[in-house]
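[1] Model the following, please.
(chains A, B, C and D)
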2 protein chains.
Amino acid sequence: MSSGSNQPNRKPTINDVASQAGVSKKTVSRVINGSQGLSVTTRERVEQAILALGYVPNPQARALALGRNFAIVLLHDNPNAQTVQNFERGILDAIRHSELALMVRPVDRRSPAMLDDVAAFLQQQRPIGAIILPPISERDEIGALCRSMGVRFVRVGSAALDDDDHSVTSTDRIAVTEACRLLIAMGHRRIGFVRGPQGFRSAAERELGFHAAMEAAGLPVPPDYSAQGDYRFESGRSAGRLLLSLDPRPTAIFASNDEMAAGVMHAAFERNLQIPRDLSLVGFDDSPTATHVWPSLTTVRWPIRDMGVLAAEKLVGDFLPSRRFSSDFVHLPSELVERASIAPPPVA
Amino acid sequence: MSSGSNQPNRKPTINDVASQAGVSKKTVSRVINGSQGLSVTTRERVEQAILALGYVPNPQARALALGRNFAIVLLHDNPNAQTVQNFERGILDAIRHSELALMVRPVDRRSPAMLDDVAAFLQQQRPIGAIILPPISERDEIGALCRSMGVRFVRVGSAALDDDDHSVTSTDRIAVTEACRLLIAMGHRRIGFVRGPQGFRSAAERELGFHAAMEAAGLPVPPDYSAQGDYRFESGRSAGRLLLSLDPRPTAIFASNDEMAAGVMHAAFERNLQIPRDLSLVGFDDSPTATHVWPSLTTVRWPIRDMGVLAAEKLVGDFLPSRRFSSDFVHLPSELVERASIAPPPVA
DNA sequence: TCATGGATTGACACCGGTGTCAACGTGCGT
DNA sequence: ACGCACGTTGACACCGGTGTCAATCCATGA
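    As a prediction, the model looks like this:
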C-alpha cells in the first residue's frame, strides 16, 4: 500500500484540472474567479473537469498569491458569551456556502498592548475583513488601524460609529424609550435607572432613551434615582440595594442589561419585595438569564444574530452567493419583549 | 508619494533577512525552525537580522509549503454559549505567544451532512489539529475522520472517549455523587433526578453518579423519580412539573444542568413551593444562570477553562513555549459549588 | 489581399516559505 | 600528504494559486 500507485488520492490541484480540461492553469483560475472574456466552450470544459475531479481551490495558496487570507475575523471583548456567540452564528449564517472562514479573536480592552496585538494579528493573518463588536468597536483607533492595513471592517454598535459603510447598529435608544413609556403608561412615576459602565456608547444610548421617555412624560429624574453599574451582576445588586433604600423608593427600575437586572432582583428579594407586585423591573439584552429568572424578565431584544448577518454581508457581500439585506441597510430594530416582571405600581 | 521610493515599508520577508544576514533563505528557515546543526555564529547573525528587521514569518506561505495551516479548530455543537466561550478562552490562554491561530467551527449535530461538512472544512483549512467538544466529541466517527485526514485531535468529554492521548475529561460522575451525598447527609431521602438527553455521554455519567450515591446510601430510586430532559430550560420545567406532582413528592431534585434546574425552579414557584425550604435543588455547569436565579443555585463546576488549556497543550504542546500541565494529565476535577438552593428537608 | 484590432488564451515569473541533495570546508586517520 | 567522514551551508525545485504581458485567432475595413 505504501508504494505502488502514485499518490493514490491526493487532493486535485489546479494543474490536474488544467490538464484534464486541456487548458492552462491560468484559464482554470479565470473560470474559478468568474473572469470576463472566456469563451463559453472553454468555460464549460473547465467546469466539467472541476466537477469530475471534485476540485476545490486551496485557500492557503490563494492567500499567499493574493497576500490576503480568505477569512474574516471577529474582534471582541464582550463580557456576554451569549452575545458573542449569537454574533458568530449570524456571521456563519451569512458566509455559509462561501469560501470564507471565520476566526474569532478575543482581545483585552484593558491591556495597553491591545492595539498592538490587533495590529500584529491582522498583519499575520491578513484577513479580508474584520467585524468589531462593542465595546471595543467604539474605539476609533481600531477603525483607523484596519484602514491603514487595508483590512475591511465593520463596527457594530448601539449608535452610528462611523460612516454607513462601516457600521451596523441597532435602535437601542428607541427600544428603551418604548419600554419606559410602557412603564409610565402602567402608572409608574418614580422609575429608577441602573447605568452601564462609563465610556460605553451602548450605556450612553440606553440612558438617553430612558431620559427621552421621562422627559416626554414630564417626569423628573432625580440624580439619586440613577445608579452606576458596570454591566455585571454584582454591580446590579449594589445598585439595586442603593435604589431600593431610597424614600420614596422607585416603583420600577430599568437596568441597562439583564445581568444587572438579575442583580436588582436579588436586592429586591433581600428586602422581601415581590416582583412585579412591589417593583417592576426591565432589563436589556434578552439573554438566557431573562427567561431563567423568576419572574421572567421583561427586556429588550437586541437583534444580534441579524446584526451578525448584516455585518458580514456589508463586509464581504461581494464574496457571498446571496444576501439577505440590501447593501444600504444599517439600523436593525431592537424590540421590547414583555414578560412577567412588570405590573402597575402598588397603590400608595 | 505614490511613486519614488520603492515599497516604502512592506513587511520584511525571509529574503530580506537572508540578504541582511548574508546567508541563504534556507539558513534563515533553519534558524526560525530551530533546526540542529547550525554554527553558533550563523545563528546569531540571523537572529540579529530578524530582530533588526522585525521579521515575522508569513503563516500563509508556511501553510502552503507544509500543506498545513498553523491553526487549530474548535469543533462544537454545544448549546451552552458560556461553555464554548470558556473553552475558547482556555485554548487561547494556552496558545498565546505561539504562532498558532484558533478557528471556531460550530456544526449541526442533527444534520446528516455533518461529517461531510467537517471533512470538507478540514480538507480546506488543513489545520494542525482539532479540539472537539461534547456532545459531538462522543461520536467516534469524528476521531476516525481526523485520523484519516492526518489532523491531530483531542476529544473532550465527561468520561474517557478515546485513548489518553486523545481525550481530556472531567470527573463529572464523582462530583455528582458528592453532591447527592451532601443532600443525603442533610436528611433527604426522596431525591428526584432530571436526566439529560438520551445518547449523551455526559448525561449518562451524571445519572451514574446519582445512582451511585443513592445506592451507597441504600436509598431506592423509583422510576418515576427520574424525568427525562434535554438540557434545555423548557424540558426542565416540564420535568419539574412532573416530579413535583408526585405523591409523596421529592424533597430534593438534581437536574443534570443549570438550565434545566432553572426550569425546575419555575415549576416549583408555580406550585408556590419555596426553595430551599420546600425543595432543595442542585444543578450542573455553574453557568451564569446559577448565580442569577434566586435563590442562587448549588451546582457543579466544570473546570472548563482548564480543560481548554489542557486540550490545547495535549494537541499542540510541541508548538508551545511553555505548558501548564504535564503531558500525561487527562482528568480534571469537577467540583461542587454550594449556594443557597439546598437545605435539610422539611420535617414531615 | 493585407493591415488592424479586439477577443481569447497561454508562458512565465512571483507570492514566501520548506524539502532535497549536492558542495564546501574542516579535522581525522593512515 | 592524502582520502574520508562529518558538520555546515546553499542552489534549486516545489507547494498551488494569481498577475503581467505577449501570442494567437478571427472578423473587419481599406
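[2] only C-alpha atoms for contact and neighbour calcs from this point on.
    OK.
[3] what does chain A put close to DNA strand C?
    A:22-27, A:36-39, A:41-43, A:61, A:64-65, A:67 (CA under 7 Å from any atom of the strand).
[4] Just these: which are in helices?
    Mapping these onto helices (DSSP state H) picks out A:25-27, A:41-43, A:61, A:64-65.
[5] re the thing from before, keep the residues of chain A next to DNA strand C, but drop any that are not near chain B.
    By CA under 8 Å from any CA of the partner chain, the members of those lying near chain B are A:61, A:64.
[6] Out of the residues of chain A next to DNA strand C, which end up buried?
    Neighbour counting by 16 or more other CA atoms under 10 Å in any protein chain shown classes A:25, A:27, A:42-43, A:61, A:64, A:67 among these as buried.
[7] want to throw these into JSON lines with pLDDT and distance to A:A18?
    Shown next, in JSON lines, are these (pLDDT from 0 to 100; distance: CA to CA, whole Å):
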{"residue": "A:K25", "pLDDT": "93", "distance to A:A18": "5"}
{"residue": "A:T27", "pLDDT": "94", "distance to A:A18": "8"}
{"residue": "A:T42", "pLDDT": "92", "distance to A:A18": "11"}
{"residue": "A:R43", "pLDDT": "93", "distance to A:A18": "12"}
{"residue": "A:A61", "pLDDT": "94", "distance to A:A18": "16"}
{"residue": "A:L64", "pLDDT": "93", "distance to A:A18": "20"}
{"residue": "A:G67", "pLDDT": "90", "distance to A:A18": "24"}
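[8] Could you list the residues of chain A in contact with DNA strand D?
    Counting by CA under 7 Å from any atom of the strand, chain A sits next to DNA strand D at A:11-15, A:25-26, A:28-30, A:32-33, A:56-59, A:61-62, A:64-66.
[9] switch the cut-off to 6 Å
    Counting by CA under 6 Å from any atom of the strand, chain A comes close to DNA strand D at A:13-14, A:25-26, A:29, A:33, A:56-58, A:61-62, A:64-66.
[10] Sort out which one of those lies nearest DNA strand C for me.
    Using CA to the nearest atom of the strand, A:A65 is the member of the residues of chain A next to DNA strand D that sits closest to DNA strand C, with 3.4 Å.
[11] Which pLDDT does the model give the residue in the stretch 151-300 of chain A that chain B sits nearest to?
    Residue of the stretch 151-300 of chain A nearest chain B, by CA to the nearest CA: A:V293 (5.1 Å). At A:V293, the pLDDT value in this model is 98.
[12] Surely it and B:T291 touch.
    No - look at A:V293 against B:T291 with CA atoms under 8 Å: they stay out of range, at 10.2 Å.
[13] Show me the shaky parts of chain A.
    Filtered on pLDDT under 70, chain A yields the residue ranges A:1-9, A:348.
[14] the helices in the stretch 1-150 of chain A, which residues?
    A:14-21, A:25-32, A:40-53, A:59-66, A:81-95, A:114-125, A:140-148 (DSSP state H, counting those that start in this stretch).
[15] ok, now which ones touch the one residue sitting closest to the centre of chain A?
    Central residue of chain A (CA atoms, centre = their mean): A:F87, 4.5 Å from the mean position. By CA atoms under 8 Å, 6 or more residues apart in numbering or on different chains, A:F87 lies in contact with A:304-305, A:307-309.
[16] again, but for A:P288
    If a contact means CA under 8 Å, 6+ apart, then A:P288 has A:82, B:289 as its contacts.
[17] From DNA strand C, how far out is it?
    Separation of A:P288 from DNA strand C (CA to the nearest atom of the strand, to the nearest Å): 45 Å.
[18] ok so, going back, what's the most distant pair in the buried ones among the residues of chain A next to DNA strand C?
    A:T42 and A:G67 (28.5 Å; CA to CA).
[19] How is chain A divided into domains?
    By the assignment in automatic domain parsing, chain A contains the domains A:1-56, A:64-170+A:304-332, A:172-302.
[20] Check these for me and report the most buried one.
    Comparing the domains of chain A on average neighbours per residue, with mean count of other CA atoms under 10 Å in any protein chain shown, the densest one is domain A:172-302 at a mean of 22.
[21] got the contact list for whichever residue of the stretch 201-348 of chain A sits closest to DNA strand D?
    Residue nearest to DNA strand D within the stretch 201-348 of chain A: A:F319 (12.6 Å; CA to the nearest atom of the strand). Going by CA under 8 Å, 6+ apart, A:F319 touches A:98-99.
[22] Only C-alpha atoms, please: export the strand or helix carrying A:C180 in CSV.
    Assessed by DSSP states H and E, A:C180 sits inside helix A:172-186. Coordinates of each C-alpha in helix A:172-186 appear next as CSV, following Å, rounded to 0.1, in the frame of the first residue of the first chain:
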residue,chain,number,x,y,z
ASP,A,172,-31.4,50.6,21.3
ARG,A,173,-32.4,54.1,22.3
ILE,A,174,-35.8,53.9,20.7
ALA,A,175,-36.4,50.5,22.3
VAL,A,176,-35.5,51.7,25.7
THR,A,177,-37.8,54.7,25.3
GLU,A,178,-40.6,52.4,24.3
ALA,A,179,-40.0,50.2,27.4
CYS,A,180,-40.1,53.2,29.7
ARG,A,181,-43.1,54.6,28.0
LEU,A,182,-44.8,51.3,28.8
LEU,A,183,-43.9,51.6,32.5
ILE,A,184,-45.2,55.1,32.5
ALA,A,185,-48.4,54.1,30.8
MET,A,186,-48.9,51.5,33.5
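[23] Name the residues that touch it?
    For helix A:172-186, the external contacting residues (CA under 8 Å, 6+ apart) are A:158-159, A:202, A:205-214, A:217, A:252, A:254, A:282, A:300, A:302, A:333-336, A:342-345.
[24] next helix or strand past that helix?
    Taking DSSP H and E, what comes next after helix A:172-186 is strand A:191-195.
[25] For that next one, which helices and strands make contact with it?
    If you count contacts as 3 or more CA pairs under 8 Å, 6 or more residues apart in numbering or on different chains; DSSP states H and E, strand A:191-195 packs onto helix A:201-216, strand A:226-228, helix A:233-244, strand A:252-255.
[26] what's the angle between the first one and helix A:172-186?
    For helix A:201-216 and helix A:172-186, the angle between their directions (axes from the mean of the first three to the mean of the last three CA atoms, to 10 degrees) works out to 40 degrees.
[27] Tell me which other helices or strands helix A:201-216 touches.
    Other helices and strands packing on helix A:201-216, by 3+ CA pairs under 8 Å, 6+ apart, are helix A:172-186, strand A:191-195.
[28] swap in the last one?
    For strand A:252-255, the packing partners by 3+ CA pairs under 8 Å, 6+ apart come out as strand A:191-195, helix A:258-270, strand A:280-282.
[29] Go again with 6 Å.
    With contacts taken as 3 or more CA pairs under 6 Å, 6 or more residues apart in numbering or on different chains; DSSP states H and E, strand A:252-255 sits against strand A:191-195, strand A:280-282.
[30] What's the first helix or strand after the shortest one?
    By that I understand strand A:280-282. Moving toward the C-terminus from strand A:280-282, the next helix or strand (DSSP H and E) is helix A:288-292.
[31] what does the stretch 151-300 of chain A put close to chain B?
    Residues of the stretch 151-300 of chain A lying close to chain B by CA under 6 Å from any CA of the partner chain are A:262, A:289, A:292-293.
[32] Return the member of these nearest to A:P222.
    Distance to A:P222 across those (CA to CA) is lowest for A:A262, with 23.3 Å.
[33] residue contacts, that closest one?
    By CA atoms under 6 Å, 6 or more residues apart in numbering or on different chains, the residues touching A:A262 are B:H292.
[34] DNA strand C versus that one, what's the distance?
    51 Å.
[35] Equivalent analysis for A:F329, please.
    Counting by CA to the nearest atom of the strand, the gap from A:F329 to DNA strand C is 36 Å.
[36] Can you classify that residue as helix, strand or coil?
    Classification of A:F329 by DSSP: H, G, I helix; E, B strand; the rest coil places it in coil.
[37] which strand in chain A runs the most residues?
    The longest strand of chain A (DSSP state E) is strand A:69-76.
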